[in-house]
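Chemist: Fold the following, please.
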Amino acid sequence: MLMTSSIEEKLRSAAGAHNLRAATAGDMVSGVLPQFVAEPDNEQQLAAVLSLANEAGIAVIPRGSGTKLDWGNPPKKAEMILSTARLNRILEHAWADLTVTVEAGCTLRTLQETLARHGQRLAFDGLWPERATIGGVLSTNDSGAFRLRFGALRDLIIGVTLALAEGTLASSGGKVVKNVAGYDLPKLATGALGTLGVITRAVFRLHPLPWGARTISFTADNLRAMQAHILSIQDSKLAHTALQIRCAAGDRPDADILFEATEAGLNAQESQLRELLGFTNAEQPTEQVWNARQDLWSPQIENALIAKLSVLPAKIARTMELLEVIVNAQQLHWQIVAQATGITTVRLEGELARISVAVEQLRAEVEGSGGSLVVLRRPKGLASLDAWGNVGDAVGLMQAVKRQLDPKATLNPGRFFGGI
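Modeler: Got it, this is the predicted structure:
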């Protein structure tokens with residue numbers, strides 16, 4: 001809709017006099033340019049702005065720093081960006097209780113640096129930590145190699161506050177302001193892509209920083225041999241924190257394993273690993289190998305697509321071999337970073353039509369075995385390619401929850417599963 005001067009004035013009053021501006025090209029969302037950007041100073045202002053937008057029928061796109069703003073399908077409408085950039089405080093670090101309460105606009109790196117002063121951390125390794133915000137990583141359910149030991153964000157979050165479309169600030173878990181009966185809001189909001197409410201703050205459980213860390217990398221002749229190594233490690237008594245596989249077209253697969261312990265513990269773990277796998281060629285690389293998943297996003301060329309595959313851990317090698325067959329048949333270049341949890345990030349480069357065919361074929365195969373393929377970044381020429389694929393019987397329940405919390409479809413319309 002075209003905002004009238006009356007609505008604009010109300011929004012400006014609610015957000016703060018200088019916190020509403022016209023959108024520019026840098027605010028575009030998957031090719032759609034909003035009219036305005038609101039950057040409230042606090043969650044009360046944010047809730048008030050959201051309530052006004054909802055009442056006026058204005059489509060709202062929540063945004064943190066925008067590092068993952070192109071994830072999901074393009075919005076059906078995008079009339080106003082609602083930014084959490086100014087909600088960037090660490091509200092309470094109860095270090096004796098190993099919990100922290102933090103606003104949604106705080107960056108992951110700022111939070112980790114603050115926690116480290118008390119020898120603690122949020123045991124999570126998301127993409128672009130220097131820019132990514134807490135609300136953004138929760139909304140997209142981003143997670144890296146630490147998920148193997150510490151679980152996903154759903155396992156680390158213990159409380160959340162959401163601004164609902166009609167303006168209510170609803171909290172669940174942690175320090176409760178207002179309960180919403182019947183919903184586990186922390187888990188419901190995580191991975192919902194901002195379609196149910198705007199996250200304004202979250203409460204996390206923390207873990208101590210390790211005494212020391214050591215990464216060991218090794219190579220296998222092929223993916224089947226690497227899968228055997230991975231399964232041997234997973235079935236052993238090794239206490240590793242993270243485990244990943246790196247591979248690209250035409251190369252042998254590499255794997256990295258991270259141990260965290262005292263110096264004596266690290267030496268013992270490395271010795272057990274070498275004995276278990278009979279390695280003489282394992283090496284200690286720089287910690288940069290753990291940026292491999294993030295490195296798949298560079299360089300940002302026109303004809304590169306990035307997708308996330310989720311399969312059972314025992315099916316990683318089979319899935320990667322299947323990917324190799326399908327992608328090679330389309331004459332595409334590919335790179336992967338696979339976590340031992342079964343989550344694999346894939347980068348494909350080549351002709352757009354061939355990328356589209358490869359994605360649809362691979363999605364059909366993965367979904368057929370109980371997995372999923374989600375497109376995270378599309379080339380501009382593939383804007384119509386669905387990000388999510390088949391969600392099965394769950395879509396009806398998800399639509400019902402959406403109708404309950406956002407009946408006018410004000411928040412991120414069309415970006416999530418089933419057009420939610």
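Chemist: Now do the SS call for Glu365.
Modeler: Under DSSP: H, G, I helix; E, B strand; the rest coil, the three-state class of Glu365 is helix.
Chemist: so when I look at Asn267, I'm seeing a helix, right?
Modeler: Yes - under three-state DSSP, Asn267 sits within a helix.
Chemist: That one and Leu273: what is the separation?
Modeler: 11 Å (C-beta to C-beta, to the nearest Å). C-beta coordinates here come from the backbone N, C-alpha and C atoms, glycine included.
Chemist: Same check on Val374?
Modeler: 32 Å.
Chemist: the strands in the stretch 251-400 of the chain, which residues?
Modeler: 254-260, 304-310, 333-339, 343-349, 372-377 (DSSP state E, counting those that start in this stretch).
Chemist: With just CA atoms, put the third one into PDB.
Modeler: It stands for strand 333-339. Presented in PDB, the C-alpha positions along strand 333-339 are these (Å, rounded to 0.1, in the frame of the first residue of the first chain):
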ATOM      1  CA  HIS A 333      31.400 -26.700 -10.300                       C
ATOM      2  CA  TRP A 334      30.600 -27.600  -6.700                       C
ATOM      3  CA  GLN A 335      32.000 -27.200  -3.200                       C
ATOM      4  CA  ILE A 336      30.600 -28.600   0.100                       C
ATOM      5  CA  VAL A 337      31.200 -28.300   3.800                       C
ATOM      6  CA  ALA A 338      29.400 -31.100   5.600                       C
ATOM      7  CA  GLN A 339      28.900 -31.300   9.400                       C
END
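Chemist: tilt between that strand and strand 343-349?
Modeler: 170 degrees (axes from the mean of the first three to the mean of the last three C-alpha atoms, to 10 degrees).
Chemist: Report the mean per-residue pLDDT for strand 333-339.
Modeler: Mean per-residue pLDDT for strand 333-339: 95.
Chemist: residues of that strand that come out buried?
Modeler: The neighbour-count check on strand 333-339 (16 or more other C-beta atoms under 10 Å) flags Trp334, Gln335, Ile336, Val337, Ala338, Gln339 as buried.
Chemist: Remind me what that strand packs against, helices and strands.
Modeler: Taking 3 or more C-beta pairs under 8 Å, 6 or more residues apart in numbering; DSSP states H and E as contact, the helices and strands that strand 333-339 lies on are strand 240-248, helix 316-329, strand 343-349.
Chemist: ok, and the closest non-adjacent residue to the most centrally placed residue in the chain?
Modeler: Centroid-nearest residue in the chain, with C-alpha atoms, centre = their mean: Asp142, separated by 1.8 Å. Ranked by C-beta to C-beta, 6 or more residues apart in numbering and with sequence neighbours excluded, the top spatial neighbour of Asp142 is Gly126, at 4.6 Å.
Chemist: Could you tell me which residues make contact with the one you found?
Modeler: Leu108, Ala132, Val137, Asp142, Ser143, Gly144 (C-beta atoms under 8 Å, 6 or more residues apart in numbering).
Chemist: Quickly find the element holding it.
Modeler: Under DSSP states H and E, no helix or strand contains Gly126.
Chemist: I'd like to know which of the strands of the stretch 251-400 of the chain lies nearest to Gln35.
Modeler: strand 372-377 (25.4 Å; C-beta to C-beta).
Chemist: who does the helix or strand containing Ala202 pair up with?
Modeler: Assigned by DSSP H and E, Ala202 belongs to strand 198-205. Strand 198-205 has these partner strands in its sheet, going by DSSP bridges: strand 99-103 (antiparallel), strand 157-163 (antiparallel).
Chemist: that older thread, Asn267 and Leu273 - which one has more neighbours?
Modeler: Leu273 (21 against 13; other C-beta atoms under 10 Å).
Chemist: Surely the more buried one touches Lys237?
Modeler: No - using C-beta atoms under 8 Å, Leu273 is not in contact with Lys237; the gap is 11.0 Å.
Chemist: residues near Arg21, how many?
Modeler: Around Arg21 there are 14 residues (other C-beta under 10 Å).
Chemist: Repeat that for Thr190.
Modeler: Around Thr190 there are 23 residues (other C-beta under 10 Å).
Chemist: Apart from its chain neighbours, what residue comes closest to Arg62?
Modeler: No Arg there; residue 62 is Pro. Leaving out its chain neighbours, Pro62 is closest to Gly194 (C-beta to C-beta, 6+ apart), at 3.9 Å.
Chemist: Give me the spatial nearest neighbour of Leu352, chain neighbours excluded.
Modeler: Gly381 is the one closest to Leu352 (C-beta to C-beta, 6+ apart), at 4.5 Å.
Chemist: Report the rounded mean pLDDT for stretch 123-135.
Modeler: Mean predicted lDDT for stretch 123-135 stands at 96.
Chemist: what does stretch 390-405 give?
Modeler: Here the average pLDDT along stretch 390-405 is 87.
Chemist: Touching that stretch from outside, list them.
Modeler: Contacts for stretch 390-405 (C-beta under 8 Å, 6+ apart): 164-165, 183, 188, 195-197, 367, 409, 416-418, 420.
Chemist: For stretch 259-274, list every residue counted as buried.
Modeler: Applying 16+ other C-beta under 10 Å to stretch 259-274 flags Phe259, Glu260, Ala261, Gly265, Leu266, Gln269, Glu270, Gln272, Leu273 as buried.
Chemist: and the last one, what does it touch?
Modeler: Read that as Leu273. Applying C-beta under 8 Å, 6+ apart, the residues near Leu273 are Ile216, Ile233, Leu238, Ile257, Phe279, Ala282.
Chemist: okay, and for the stretch 1-150 of the chain, where does confidence drop off?
Modeler: Per-residue confidence for the stretch 1-150 of the chain (pLDDT under 70) gives these ranges: 1-3.
Chemist: Do you have the strands of it handy? List them.
Modeler: 20-22, 36-38, 60-63, 80-83, 90-94, 99-103, 120-121.
Chemist: Please list the residues outside the first one that contact it.
Modeler: Outside of strand 20-22, the residues that reach it under the criterion C-beta under 8 Å, 6+ apart are Glu8, Leu11, Arg12, Gln35, Phe36, Val37, Ala38, Glu39.
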